[in-house]
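>>> Model the following, please.
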Amino acid sequence: MTETRGVPAHANVEERHSAVLCATFRLSSTHPMVLDGRDVASAVRELDDVVASFVSEGVSLRGWYDVSGLRNDADLMVVLHGAAVEDLQWGLRQIRRTGLIRPLIRSWSAVGLANEPAAFDSEPLQWLSVSPASPGLLDFAAFAEFLDLPGFDEDDALLFPDDIDEQGDDGDAEDFETLDGDIVVHQFAGYGLGDFPWLLAIEAERLEDLSGVVGELIADSDGLLLEGPRVTGRLLETAEIIEVLQ
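The predicted model follows:
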C-alpha cells in the first residue's frame, strides 16, 4: 500500500485479545449521493481495493450490512475485526476516505474485545444484530473469568451465557429453538471502551431466528441486559451498497 503515515504498529495476535469495531453511516440530507454509470464501477473498485489492503495490517472485513429502514438514523453498517483496536481505528479511517463512504455521516460506532483470537473465524451469516449490553445479575462472574482475575473460581459462579457457545455449536439451535442451527452469538467486553460493558453480535441465516434469540436474551434478566442502539442488517456485497445509498 502507498500510504504509510498513521499505520499502527501491530502486536502479536496470540498475545492480544481479538477486537471488533462496528460503525453505522447514514445519508446526508444536505449532500445527497449521486452516482452515474461511470462512477459506480470506480467507486466500488476503490472500496474493494482499500479493504483488500487491510490484510497486511491485521484487519479483516466481517461485512457490510443494509440497515436502511430498520433504524431511522442509519443506512449502512460495517463490521471490522482484528488483533488490536488501533488497527481497526485505522481501517475505519481508510474506509471513510473512500469516495463511496466519504459523503456519509457516521451515526454510531462501538468497539469490543473477545476473550480469544478465534472470534469471527466462521463465515458470516446472512443477518447480523449488534447490541450493547449492561450487567445482569450474574455479569460480574463473566467479567471476572474474561479477565482471569486472581482467586476467581468459575465453579463458584454461574456464567452468562452458559448455554451459548461463541463458536456456534449445534447446542445454539436447541437452546434457542431454531430450525437449522445457523445462529452464532459473539460476546465482546467493552469495559473502558465506550458507554456499555458488553457488546453482543448475533448472526443468523434467517431474520426470524435472529429475532427469537434477541427476544430470549432480553427476557433473561440473569444474563446480560441488551441496550440500545440495537442495529440489525442484511449482509451485502460491495456492489449492493450502491442500491442502499441511492
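>>> those strands in the chain, which residues are they?
19-26, 59-66, 76-82, 105-113, 127-134, 183-189, 198-204, 225-226, 231-236 (DSSP state E).
>>> among the ones you listed, which gets the worst mean confidence?
Comparing mean pLDDT over the strands of the chain, the weakest stretch is strand 225-226, at a mean of 73.
>>> Could you list the paired strands of that strand along with their orientation?
Strand 225-226 has the following sheet partners, assigned by DSSP bridges: strand 127-134 (antiparallel).
>>> Extract the CA atoms of the strand it pairs with and return them as CSV.
Below are the C-alpha coordinates for strand 127-134, written out as CSV (Å, rounded to 0.1, in the frame of the first residue of the first chain):
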residue,chain,number,x,y,z
TRP,A,127,-28.2,-11.3,9.2
LEU,A,128,-26.4,-9.6,12.0
SER,A,129,-27.7,-7.8,15.0
VAL,A,130,-25.3,-5.8,17.2
SER,A,131,-26.4,-4.6,20.6
PRO,A,132,-24.6,-3.0,23.6
ALA,A,133,-25.3,-4.8,26.9
SER,A,134,-25.2,-3.9,30.5
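>>> Please give the centre-to-centre distance between that strand and its chain.
Its chain's C-alpha centre and that of strand 127-134 lie 8 Å apart, by CA atoms, centre = their mean, to the nearest Å.
>>> Which residues belonging to it are considered buried?
Trp127, Leu128, Ser129, Val130, Ser131, Pro132, Ala133 (16 or more other CB atoms under 10 Å). From N, CA and C alone the C-beta is placed, and that goes for glycine too.
>>> before we move on, back to that, now the strands of the chain as CSV including distance to Leu245?
Below are those laid out as CSV (distance: least, CB to CB, whole Å):
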stretch, distance to Leu245
strand 19-26, 9
strand 59-66, 10
strand 76-82, 7
strand 105-113, 12
strand 127-134, 19
strand 183-189, 27
strand 198-204, 23
strand 225-226, 28
strand 231-236, 11
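>>> Can you give the contact residues for stretch 55-68?
Contact with stretch 55-68 is made by 1, 7-8, 10, 13, 20, 24, 51, 54, 74-84, 87-88, 90-91, 120, 124, 128, 231-238, 240-241, 244, as judged by CB atoms under 8 Å, 6 or more residues apart in numbering.
>>> out of those, which are buried?
Buried among the contacts of stretch 55-68 (16+ other CB under 10 Å): 8, 10, 20, 24, 51, 54, 74-84, 87-88, 90-91, 120, 128, 231-236, 238, 241, 244.
>>> my read: Gln246 touches Asp36, true?
No: assessed by CB atoms under 8 Å, Gln246 is found out of contact with Asp36, at 10.8 Å.
>>> quick one, which of the two is more surrounded?
Taking neighbours as other CB atoms under 10 Å, Gln246 and Asp36 compare with Gln246 leading, 11 against 6.
>>> give the contact list for that one.
Here Gln246 is in contact with Met33, Leu35 (criterion: CB under 8 Å, 6+ apart).
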